Each structure stands twice: as structure tokens, then as C-alpha cells.
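Novice: sequence unknown, structure follows:
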């Protein structure tokens, strides 16, 4: 089992373990003081392997990231007489870890918590970095906290039971890490498509570990997103809009957003035609849409509501090469013109 530490001012330690299974939990927490929160499908698949502890089964997916769902979990914790000595363990996908991290941050003004993420997306992205949030007013993650779990336990054996859609959602974030930070990692992904698509456990352990190293490194240097951490938003500004408008899974929408962000980088003169083509080729090879059916007006409306907007500009992550990312304030009107052009019917 490999481990990566996330430096944090908020907890004594936050460690991401890659390669361990449920048996590893006994050395990490006191199960007598633990409450497990999971989701229906994960409980159906793996419930018989869970540690023995009180259990809450929450709503699955984005339906569990509403204020009503959060209040429901809090009511159940109250009915269990949960106090500040309790440790909350989330076992599930990224939406669940988002919600449980948020609950753990606000219940009794904060209780200890950890994650066992069960999807590729949650292992390489949602569970790493301390962002916990819920949806509000039709917009993603509008209410939330930054609070690190004490540990994250990543087990690639979970990938065997994921649908192709869920698996590809996580892979988009893997590709994102390579595109913004590591050209060699990009080449590794490009040259090992068969191992990735076959979900080879040994190879995917290497992939999860490298993605975790990249994200944990960024978070440790910039936990509260004052600078470098903004780079992790590559593909997300437009991806979130596409996700809402076209009802796509998060990772698939981010894949589309990355394609569009690479094209914007090219149009602004930062990214070469060759690198843009390589990025598009890799994304296309894993079947991420390179265009959107949403209207330009709909996309612009949601982009204007994005958390990264500041006045008349939007903080946008761009590329000047594979593995070389930067963020830049783009004038809203200039971005609108580019979106209009990219969404123009062929």
C-alpha cells in the first residue's frame, strides 16, 4: 500500500492510501466510535464486507447533494446520539464523499471523518483535496467547505463493478491531471489505453497513485485555492455548464470542457495546433465529446454564474503546452465571442 500525505492547516494529518482494502481500516480508526454513511448501490454490492458499525444509507448521486438530503443525514446522526467523539466514514462515490465531508464539517461544528471512495472519479478527484459541497439553486457545489478527511483509502478493485460511464467519468480527471501538470504522464496514458480500458488493477493502482500525487501536491501548496489550485479547474468552467444543460455525468462533461478549453487556448494563441490536436485525439479516443449541443446562450448564462467569475472577467485555466497550464482572467465579452463561434452550427 502506497501513501501520500496532504499538508493541511486544518487537521493534524491527512493521508491518502492507495491499494488497501476494507481490512486496512482496523488500523486507521476505532470502529466502536465510527458511524458509516454509504449509498444504496454501494451497500448492495459491498455491504457484506463493511466493518461492523452503525450505518446510514443515503441517497445516491447528485440527489444526495441537496440541503434536504444533508438535513436528513443530520437528523439520523442526532437519532444515534452522535457526539464529537464519533468518526464518520463515507463509503461511496464522489457525490457521497462531497456530501459527507460537508455534513462532517458542520455537524456539532465539526467531527472527524474519512473516506473509502468506490469510483475512479472519487479516488483521483472528489475525495482528494478537502473540497466538500452541495448543490443549490440549480448550480453545482454552491454551498460548501474546505476541510480535509483524516484519511482516504483508495482500492482500485472497486473499479470492476463500475459501469463504463462511471469509469470514463473518472478517467477524464486522470487525463486532466496529465494535461495540466505532467507530459510524461500524458504519454503513459496515451500508450496504455488497453490496460486502462481493461481496468487492470496493478496498472490502475499506478494511475491512481500518480493522480493523487499531482492533486495532493497542488492542494498542499494551495489548500484554499488562492493560486495554483485554480489549475485543477481546467475544463470545469464550461464542463459544469455542459453537465447541467445536457445532463451528462460530471466526468464526461469535464472531458468535453477540456476539449473546449484546449481549443480556447489555441484560439488565444497560447497552445500550438499540434498539442491541441494531441489532447483532442486522446480525449476522442476515450469517447469524450469534442463539441456540445447546448446553445451558446445557455452556456454563457451558466458561465456568468460560475464561482470563478470576478466582475467583468472569468478566471479561466488555459494551456501553453501539454503539462503546462496557467490561469488567466478573460474578459467576459471576449469569452462570449469565442463561445458563440465554437457553438456555431456547422
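Specialist: Happy to help now that I have it. All of these numbers come straight from a predicted model, not from anything done at the bench.
Novice: Please identify the buried residues of stretch 62-80?
Specialist: By neighbour count on 16 or more other Cβ atoms under 10 Å, the buried set for stretch 62-80 is 62, 64-65, 69-70, 72-73, 76-77. The way it works is simple: take the backbone N, C-alpha and C, and place the C-beta from them, glycine included.
Novice: got it, and stretch 47-63?
Specialist: Across stretch 47-63, burial judged by 16+ other Cβ under 10 Å covers 50-51, 53, 55-62.
Novice: Okay, and which of those residues map to strands?
Specialist: 55-58 (DSSP state E).
Novice: Against residue 134, how distant is residue 60?
Specialist: Between residue 60 and residue 134 the computed distance is 15 Å (Cβ to Cβ, to the nearest Å).
Novice: got it, and residue 252?
Specialist: As for residue 252, its distance to residue 134 is 21 Å (criterion: Cβ to Cβ).
Novice: repeat for residue 269
Specialist: When distance is defined by Cβ to Cβ, residue 269 is 39 Å away from residue 134.
Novice: For those two, indicate the residue with more neighbours.
Specialist: For residue 269 and residue 134, the more surrounded residue by other Cβ atoms under 10 Å is residue 134, and the numbers stand at 22 against 8.
Novice: Pretty sure the more buried one sits against residue 68.
Specialist: No - judged on Cβ atoms under 8 Å, residue 134 makes no contact with residue 68 at a distance of 10.0 Å.
Novice: Following element in sequence after whichever strand or helix holds residue 74, please.
Specialist: Element membership of residue 74, judged by DSSP states H and E, is helix 67-79. As assigned by DSSP H and E, the chain's next helix or strand after helix 67-79 is strand 87-92.
Novice: Just give me how far that following strand sits from the chain centre.
Specialist: Taking Cα atoms, centre = their mean, to the nearest Å, one finds the center of strand 87-92 at 17 Å from the center of the full chain.
Novice: Now do residue 222: how many residues are near it, please.
Specialist: Taking other Cβ under 10 Å as the definition, residue 222 ends up with a neighbour count of 15.
Novice: Quick check: it touching residue 228?
Specialist: Yes - counting by Cβ under 8 Å, residue 228 is a contact partner of residue 222 at 4.4 Å.
Novice: pLDDT at residue 237, what is it?
Specialist: Residue 237 carries a pLDDT score of 87 in this model.
Novice: same check, this time on residue 256
Specialist: 90.
Novice: Packing partners of the helix holding residue 74?
Specialist: Here helix 67-79 is seen to pack against strand 55-58, helix 94-106, strand 131-136 when contacts are counted using 3 or more Cβ pairs under 8 Å, 6 or more residues apart in numbering; DSSP states H and E.
Novice: Which of these comes out lowest on mean pLDDT?
Specialist: Of all those, mean pLDDT reaches its minimum on strand 131-136 (a mean of 91).
Novice: Just the buried positions in that strand, please.
Specialist: 131-135.
Novice: Which residues are in contact with residue 205?
Specialist: The contact partners of residue 205, by Cβ atoms under 8 Å, 6 or more residues apart in numbering, come to 2, 18-19, 156.
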